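1. build the 3D model from these lines:
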Amino acid sequence: MERNLGLPLVGSCVLLLCAEIAVAGWITIKNQTGQTVILQETFVVAGQPRRGKPIQLVAGETVREFLPVPTVKTVEIYDPTNPQRPLWSGKLSCKNDVQTYVITSMNGQIIVQPAAK
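-> So this is what the prediction gives:
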């Protein structure tokens, strides 16, 4: 009993060659403020802004997320004792496959910037 595997094999190769490759990477955010902060992402769904789940980061803690790149994350950082007013809000550009940002405090202001390599 002979089997012809040529057609299924050719079909599989064509699918693999034509498939679009999804690119994804890690984003890491480190809290180096010396205090606890709340990190919250904002999404736009059907034209309306929606807030993601708040993440509490104690001093020295790190959060990592796997996401498609390139992308831009809209993030707000809050003081847990006063979550009505953000300490910082802005956009984090995620262009590389691995991107690290550091949350620091300078002269009483929260700063988020890419980590030094």
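2. which of the residues in the longest strand along the chain are classified as buried?
-> Of all the segments assigned as strand in the chain under DSSP state E, the longest by residue count is strand 82-94. Under the neighbour-count criterion of 16 or more other C-beta atoms under 10 Å, strand 82-94 has Pro86, Leu87, Trp88, Leu92, Cys94 buried. In short, each C-beta sits where N, CA and C put it, glycine included.
3. tabulate these (CSV), appending distance to Pro80.
-> Output for the buried residues of strand 82-94, formatted as CSV (distance: C-beta to C-beta, whole Å):
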residue, distance to Pro80
Pro86, 12
Leu87, 11
Trp88, 14
Leu92, 21
Cys94, 26
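4. what's the closest of these to Phe66?
-> Checking the buried residues of strand 82-94 against Phe66 with C-beta to C-beta, the nearest one is Cys94 at 10.9 Å.
5. surely the closest one touches Lys73?
-> Yes: with contact defined as C-beta atoms under 8 Å, Cys94 reaches Lys73; the gap is 6.3 Å.
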